[in-house]
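1. how would this look folded up:
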Amino acid sequence: IEPGRLGENLLIEGDVDDVEIGAILSIGDPSNGGLRVRVTGVRNPCATFARGVGRADWVEVFSARNRVGVYLAVLTEGAVQAGDEVRVVSSPGHRVTCRRWFAHHDPRDAQALLNSEVFGNCVIAPFTKKYVRAAAHEQVG
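-> Down below sits the predicted model:
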């Protein structure tokens, strides 16, 4: 898949799926105007995504790989270039990583995300929040 075909604005080599939703990342040299972003949600496979890659089975293939990708909100604009280091600056502490949320949609995790957002420790993208709210309404055992 060529860069930009699926709408990504920043392609990161390595695994950011194990970062908590709401974590703040620094990309590039902060002393030289590096970029700061917040992880706001996970990339959910859908029919549009499948059409973009030209495979009807893409949602299943993508989900089976358990490599979700993340959505980022820019907190501080900055210059980035190929090879820049990506560092976790802070995490909200709820322990709900992007990979964990993508794989399970556990009601307890959903409640932890919503609580973290209420206390200002986390920001959840609207398209992710609809899944979080739905899961939070399920019965917690």
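
2. in stretch 52-64, what's buried?
-> By neighbour count on 16 or more other CB atoms under 10 Å, the buried set for stretch 52-64 is 58, 62. In this view, the C-beta of every residue, glycine as well, is placed from N, C-alpha and C.

3. quick check: mean pLDDT of that stretch?
-> Taken as a whole, stretch 52-64 has a mean pLDDT of 82.

4. what's the first-to-last distance across that stretch?
-> 18 Å (CA to CA, to the nearest Å).

5. using the three-state scheme, assign the nearest residue to V37 once chain neighbours are set aside.
-> Spatially, and ignoring its direct neighbours in sequence, V37 is nearest to L72 (4.0 Å; CB to CB, 6 or more residues apart in numbering). Three-state call for L72 (DSSP: H, G, I helix; E, B strand; the rest coil): strand.

6. what does S26 give?
-> Of the three states, S26 takes strand according to three-state DSSP.

7. how many neighbours does it have?
-> Residue crowding around S26 was assessed by other CB atoms under 10 Å; the count is 20.

8. go on, the one 3 residues further on?
-> Other residues within reach of D29, judged by other CB under 10 Å, total 15.

9. give me the neighbour count for the residue nearest to V37.
-> Residues near L72, counting by other CB under 10 Å, number 22.

10. pLDDT score for the residue nearest the centre of the chain?
-> Closest to where the C-alpha atoms of the chain average out (CA atoms, centre = their mean) is V70, at 2.7 Å. Note for V70: predicted pLDDT of 87.

11. list the contacts for it?
-> The contact partners of V70, by CB atoms under 8 Å, 6 or more residues apart in numbering, come to 16-17, 19, 39-43, 98.

12. returning to that earlier point: hang on, the residue nearest to V37 packs against G41?
-> No - under the criterion of CB atoms under 8 Å, L72 is not in contact with G41, lying 9.1 Å apart.

13. tell me the contacts of G22?
-> Counting by CB under 8 Å, 6+ apart, G22 touches 38-40, 91-92, 94, 113, 116-117, 121-124.

14. that concludes my questions; thank you for your assistance.
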